[in-house]
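> one predicted model, sequence on top.
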Amino acid sequence: MRVNRRIALFGVVALAALAAGIGFAVWSRPAPDAGQLLALALPDAQGTRQPLQQWRGKVLVVNFWATWCGPCREEMPEFVRAQRDLGPAGLQVVGIAIDQADKVASFAKELDLNYPALVGSYEALDVAKPLGDALLGLPFTVILDRQGRIVHTQLGPMKPTQLRAIISKFL
Amino acid sequence: MSTGLPKRPPSAAFRGRLLWAAAALLLAASALGQSPLPPDRAFRFSARMVDAQTVEARFTIADGYYLYRDRIHFSAQPADAGLAVPALPGGAVKEDPFFGRVETYRGGMVVNLALKTAKPGEQVVIAAESQGCADIGICYPATVQRVTIPIPEASVAPSSSGATPKKPWFN
């Protein structure tokens, strides 16, 4: 009986250590590097090449999306509102659509988009892989501070309150 | 090793609590890494011959995921296998604010494809392209899954008396 109890106790401690180890590994993961993302230069819906570097110094919200992605389209009005309200304070939202230019232009017009809608191929989306989007799912949002450091990534739609809270912290 | 105290009852209760604690810890550890399925597991494609010229193509769709009917495309290699794809079964109808009427599949989808001129004994690769989303609010790019099907050697259908089938396929 005593030996069984000791083995059982050992098991519990081992499991607790495992859980703690996983937790620590997740928490202390090094921040992903924004180099590849900031080096992107993509055409907008009118065909004009737009390098992401031009927005250096802004709090940058880069949102990967597509017109064929319902949740992406539903989330976008929130980015429009954030850009309207916080643009003057230094926010810049940039959309990267993995899509066709004409569809992007059409949807941008429908939403009265007040931020750039760049057009990318799956190659552009590949940049998202090492940043936390291994499955290439959309929407995927990356938030960078004024120094170009990644401060938040999100796969799936962002809650408006969460978006505002994070942006405001770095403005 | 008698201590003079009465022996404790068997530690079934203790084992029960231990099992509970272990389960809770494992659940907590796994919750830390809860993430969406990769598309080839969310929308698993399989195919098998059901007779000498018919392939049963199947999508097994995980709970909480759905596929778009009009983004499913089949092709076969070699091209001279004579793939014929019928109209796909109807899906659940939804009014999409951007795309209008769309049909989606949940749970699964099965369709019989014809290989009109596949040679007995050869290998045919069926490629299935699909695009879908998860209810948690993410969409995947279109992905292609491939299954290699060996064409059976000789037709052993008792009713056929010649090389050509009696029934026309999907024309």
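Received, thanks.
> pLDDT weak spots in chain B?
Chain B contains residues with pLDDT under 70 at B:1-10, B:18, B:21-34, B:154-171.
> got a list of what the residue positioned nearest the centre of chain A touches?
The C-alpha lying nearest the average C-alpha coordinate of chain A belongs to residue A:141 (C-alpha atoms, centre = their mean; 1.8 Å). Counting by C-beta atoms under 8 Å, 6 or more residues apart in numbering or on different chains, residue A:141 makes contact with A:61-64, A:152-154, A:158. (C-beta placed from N, C-alpha, C; glycine too.)
> at 7 Å what do you get?
A:61-63, A:153-154, A:158 (C-beta atoms under 7 Å, 6 or more residues apart in numbering or on different chains).
> is it bridged to anything, and to what?
As for beta bridges, residue A:141 partners with residue A:63, residue A:154 under DSSP bridges.
> returning to that earlier point: can you add distance to residue B:106 and give the contacts of residue A:141 back as a markdown table?
What follows is those, written out as a markdown table (distance: C-beta to C-beta, whole Å):
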| residue | distance to residue B:106 |
| --- | --- |
| A:61 | 33 |
| A:62 | 32 |
| A:63 | 28 |
| A:153 | 29 |
| A:154 | 25 |
| A:158 | 26 |
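> in chain A, which helix is the longest?
Ordering each helix of chain A by length in residues (DSSP state H) puts helix A:2-27 first.
> give me the mean pLDDT for that helix.
What helix A:2-27 shows for mean pLDDT is 78.
> ok, stretch A:110-123 next?
Averaged across stretch A:110-123, the pLDDT comes to 95.
> starting at the chain centroid, how far to it?
Put simply, stretch A:110-123 sits 15 Å off its chain's centre (C-alpha atoms, centre = their mean, to the nearest Å).
> how about that stretch: buried residues?
Applying a neighbour-count criterion of 16 or more other C-beta atoms under 10 Å in any protein chain shown, one finds A:113, A:115-120 buried in stretch A:110-123.
> over to stretch B:142-155?
B:143, B:145, B:147, B:149, B:151.
> now what about it, what contacts it?
With C-beta under 7 Å, 6+ apart, stretch B:142-155 has contacts from B:39-40, B:45-47, B:49, B:52, B:55, B:71, B:118-131.
> among these, which lie within strands?
B:45-47, B:49, B:55, B:123-130 (DSSP state E).
> what's the most distant pair in the residues you listed?
Farthest apart among the ones in strands among the contacts of stretch B:142-155 by C-beta to C-beta are B:123 and B:130. That separation is 22.3 Å.
> of the two, who's got more company?
Shown here are residue B:123 and residue B:130; by other C-beta atoms under 10 Å in any protein chain shown, residue B:130 has more neighbours (25 against 13).
> residue contacts, the more buried one?
Counting by C-beta under 7 Å, 6+ apart, residue B:130 has contacts B:43, B:59, B:67, B:71-72, B:142-143.
> ok, of these, which one's closest to residue A:51?
For those, the nearest to residue A:51 is residue B:142 (28.2 Å; C-beta to C-beta).
> can you tell me how far the closest one is from residue A:107?
For residue B:142, the distance to residue A:107 equals 19 Å [C-beta to C-beta, to the nearest Å].
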